[in-house]
Structures are given as C-alpha cells and as structure tokens.
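> what follows is a predicted structure for the sequence shown.
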Amino acid sequence: MPPDNGSRPAMIGLTGAIAAGKSAALEALANLGAATISSDAVVHQLLDHPPVVSRLVERWGEEVAPGGSADRARIGAQVFGNRDELNWLESLLHPLVGEWIARWTQELPDSTEVAVVEVPLLFETEMEDSFDATLVISAPDAVREARAAARGTDLVGERHGRQLPPREKEARATYVIRNEGTPEELESALAALLPELASLAP
C-alpha cells in the first residue's frame, strides 16, 4: 500500500565493506522499484558547486581546483593520512549531504514505499539512527579481494582506513544480505526482503 498522505517511505541505510556489492545492490533495489540515492554521488556533485569550490580553494589553494573545477585526486591527497584536514572536509560536506538527501526525500512521490540511501561509512559516522533500518551487503573476503583486483584496486585502504571490520558492520545491521553469487541472485534476495522493508514505513 502506498503511504498515507503526510507519511513518508521507509528510510533504509545501505552499507557494506569495500567490494561487497553496495552499488550493485543499490542498482538492484532501484530496478525493484525502491527510490535510491548514493551519498558518494551527492558528494561528487557538491564538489562542483561554486560555494564549495571556493571553500576548498580558501583552505588548500587554487591547485585543488584548476580552472574553477575541483580536482578530486588533489583533494584526496590533502586529506589522505591527515585527520585534521579530513575532519575539516567532512564538517563542510556532511551537513550539505544531509540537506540534499532531506530535499530528495521530501520530493519523492507519495507512492514511494521504500527509500534507500547508500552510505559507505554509515556505522563509522554513527548515522544508523537516521534510518528506520540498516542493510549491510556482505561477501567473503576472498570474493571481495577478487572483485577489487578485477577493478584495479585492493582492500588495503579498508584495513588501514576508517572502515569497521565487515563482521562488526554485519553485527550492527538490521538486515544482512550475502552477495557471493550472480547479480540476479542478489536482486532475487533483495526482492524477497523488500516487502519487509516497506512495512517499516512509519
């Protein structure tokens, strides 16, 4: 049943370890009719907004935005291994991301039953209370390592960065979906879960 007028859809926070299949799950949920948005995609768009670019240049100099466009690699170099600079960047972006997602939620059609927000660092940034439920996409380490290698990356950043161990993410999640098979199997598992997610709408 669509939500009554004045109500909102069930808000689901989606996360998972590196190369577990968060993006694939978000795409599958969209195919199944859920409204979806990626916080990383929002950040990418915000980095092109002139007011944000101005703050970056003010902080780090014009080299981070040659020609007035944010250079993500140079921004990454500024914050990599530097907690103070990372904290500053997050203090700039996180409120803007929150405002963006709030507007997105308000503009959803009344018929929307489930809205899913992908947040890679959902538990690490203690955002779980912002959602009606959390969903972790899980895969064995060997599967994730093979996927990461196939796209030219590795899991070193996970072990030495801010990511919680995969088992801790799973322990804190409302729901866990294993993703070690085909995209079709992942979508089938999510399709089976979707009615229960929709029932969480307040």
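Yes, it's here. Residues are numbered from 1 along each chain as shown.
> got a list of what the spatially most central residue of the chain touches?
The chain has V119 as the residue nearest its centroid, 2.4 Å off, counting by Cα atoms, centre = their mean. Neighbour list for V119: G13, L14, T15, S39, T125, M127 [criterion: Cβ atoms under 8 Å, 6 or more residues apart in numbering]. No exception for glycine: its C-beta is placed from N, CA and C like everyone else's.
> return the member of those residues nearest to S188.
L14 (17.0 Å; Cβ to Cβ).
> SS state for that closest one?
Here L14 is recorded as strand under DSSP: H, G, I helix; E, B strand; the rest coil.
> least trustworthy helix or strand in this protein by mean pLDDT?
In the chain, no helix or strand scores lower on mean pLDDT, DSSP states H and E than helix 156-160, which sits at a mean of 57.
> only whichever of the contacts of V119 are buried, select them in PyMOL.
Applying 16 or more other Cβ atoms under 10 Å to those, the buried members can be selected in PyMOL as follows:
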select buried, resi 13+14+15+39+127
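> packing partners of the helix or strand hosting P95?
Assigned by DSSP states H and E, P95 belongs to helix 83-106. With contacts taken as 3 or more Cβ pairs under 8 Å, 6 or more residues apart in numbering; DSSP states H and E, helix 83-106 sits against helix 39-46, helix 50-60, helix 72-79.
> redo these as a markdown table? Include distance to R8.
Converted to a markdown table, these look like this (distance: least, Cβ to Cβ, whole Å):
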| stretch | distance to R8 |
| --- | --- |
| helix 39-46 | 18 |
| helix 50-60 | 28 |
| helix 72-79 | 33 |
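> returning to what we had before: may I see the buried residues of the helix holding P95?
So helix 83-106, judged by 16+ other Cβ under 10 Å, has buried residues E85, W88, L89, L93, L96, V97, W100, I101, T105.
> next, the angle from it to helix 39-46.
If you take axes from the mean of the first three to the mean of the last three Cα atoms, to 10 degrees, helix 83-106 sits at 100 degrees to helix 39-46.
> just the residues contacting helix 83-106, thanks.
Here helix 83-106 has contacts from 8-9, 11, 37, 39, 42-43, 45-46, 52, 55, 59, 75, 78-79, 115, 117, 125, using Cβ under 8 Å, 6+ apart.
> show me how far stretch 173-191 is from its chain's centre.
17 Å (Cα atoms, centre = their mean, to the nearest Å).
> okay, buried residues for it please.
A173, T174, Y175, V176, I177, R178, N179, L186, E187, A189, L190.
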